[in-house]
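1. coordinates for the following, if possible.
(one chain, ligands or ions: 1)
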Amino acid sequence: LLYAGIDTFGDRGKAFDEMEQRVEEGATSFKFYPGNGLFDKISNDFVTLFYDDPENAYPYFEKCIDLGIKTVAIHKSQPMGGLPMSKVSIADVSLAASRYPELNFELVHTGWAFVEEAAYQLAGFPNIYANLENCVAWAVRQPLQFAHMLGKFLAIAPAERLIFASGCALNHPDPQIQAFLDFQMPEDLQEGYGYPPLTLDLKRKILGENYAQLHRLDIPAIKASIRNDRWSQLRAQGKAKPWSKRRERFPDQEAVQPVLESELA
Ligand SMILES: [Zn+2]
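-> Next up is the predicted model:
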């Protein structure tokens, strides 16, 4: 599934043309970004967009609906560059979700901030989903932080609308998936905070079944279709260590950067 980025800050006609083109190329969803990194001296504010803005946001949602799009993803909760946190707050999405019940709204990176607010929005609006991109990585290095984030969602929101995402442009997926599978909700947090246990059933839902449900994907059919593809064959030979190609090439580099396909050639 392809989520195409969309520029809501430039010429609208051009953006609509690009949306049409992306759908022709196979885009199934669009990702919205609340800022474009610019500061407007005249209005003394950052150039940003709230998604309950009928004039500046709703036309894009209507264009999505016209194009047959069922799900949009909105970058939230994680500040982009120097953007104030108020600009990545999430309350605006509930209005848009009410206005457009035919669209599903993924709050992406939610869990980074505004955790309880997001959990209550999920509880209140059936077409809002929590996409946990860049939050599941906490399970690897900061498991208590992860426990509180996920525990709040599980205690308040329907578990059917929590979606795993790795943020694989920055984080290697494998350790995250493993840490998530191994993770148990600490008992003192279950007792002291009312967080439910993270059962295997919940792990399956969050790792894939919820997302499959959202996009009407048939998991057995997909499994059958990839059973002997190139990636399954490679996987059968055993997995390399995360970032191993990169580490071989840059042995002195501590911070692991995304690997470009061209660098692996
Ligand atoms: Zn994002």
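2. work out for me the element the residue lying closest to residue 67 once chain neighbours are set aside sits within.
-> Among residues not flanking residue 67 along the chain, residue 23 sits closest, at 4.9 Å (CB to CB, 6 or more residues apart in numbering). All C-beta atoms are positioned from the backbone trio N, CA, C, and that covers glycine. Secondary structure from DSSP states H and E places residue 23 in helix 12-24.
3. can you give me how far that helix is from the chain middle?
-> 22 Å (CA atoms, centre = their mean, to the nearest Å).
4. what mean pLDDT does it get?
-> The average of the pLDDT scores along helix 12-24 is 98.
5. over to stretch 77-85?
-> 86.
6. ranges for the helices of the stretch 101-250 of the chain?
-> Secondary structure of the stretch 101-250 of the chain by DSSP state H, counting those that start in this stretch: the helices cover 115-124, 138-141, 143-156, 173-182, 187-193, 200-204, 210-214, 219-225, 230-236, 244-249.
7. next, the angle helix 115-124 makes with the third one.
-> In terms of direction (axes from the mean of the first three to the mean of the last three CA atoms, to 10 degrees), helix 143-156 departs from helix 115-124 by 30 degrees.
8. tell me what helix 143-156 is packed against?
-> helix 115-124, helix 138-141, strand 162-163, helix 187-193 (3 or more CB pairs under 8 Å, 6 or more residues apart in numbering; DSSP states H and E).
9. figure out which of these is closest to the ion.
-> Distance to the ion, taken as CB to the ion, is lowest for strand 162-163 among those, at 13.4 Å.
10. give me the sheet partners of that closest one and which way each runs.
-> According to DSSP bridges, strand 162-163 forms sheet pairs with strand 128-131 (parallel).
11. before we move on, back to that, test my guess that the residue nearest to residue 67 contacts residue 66.
-> No: with contacts counted by CB atoms under 8 Å, residue 23 stays clear of residue 66, the gap being 9.9 Å.
12. for the chain, give me the ranges with low pLDDT.
-> 254-265 (pLDDT under 70).
13. can you list the residues of it near the ion?
-> Contact residues (CB under 5 Å from the ion) of the chain with the ion: 75, 108.
14. try it again with 6 Å
-> When proximity is defined as CB under 6 Å from the ion, the chain approaches the ion at 75, 108, 109.
15. give me the ChimeraX select line for those, limited to the buried ones.
-> The following ChimeraX line selects those of these that are buried, judged by 16 or more other CB atoms under 10 Å:
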select :75,108,109
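16. returning to what we had before: which residues does the helix holding residue 23 contact?
-> With CB atoms under 8 Å, 6 or more residues apart in numbering as the contact definition, helix 12-24 has outside contacts at 2, 4, 6-8, 27, 30, 59-60, 63-64, 67-69.
17. any idea how far residue 230 is from the ion?
-> Here residue 230 is placed at a distance of 29 Å from the ion (CB to the ion, to the nearest Å).
18. what does residue 160 give?
-> Distance, residue 160 to the ion, by CB to the ion: 22 Å.
19. what is the burial count for that residue?
-> By the criterion of other CB atoms under 10 Å, residue 160 has 16 neighbours.
20. for it, which non-adjacent residue is closest in space?
-> With sequence-adjacent residues excluded and distances taken as CB to CB, 6+ apart, residue 160 is closest to residue 210, at 5.6 Å.
21. now for the one you found: which residues touch it?
-> Neighbouring residues of residue 210 by CB under 8 Å, 6+ apart: 129, 159, 160, 161, 162, 163.
22. show me the beta-bridge partners of the closest residue to the ion within the chain.
-> For the chain, the residue positioned closest to the ion under CB to the ion is residue 75, at a distance of 3.6 Å. Per DSSP bridges, the residues bridged to residue 75 are residue 108.
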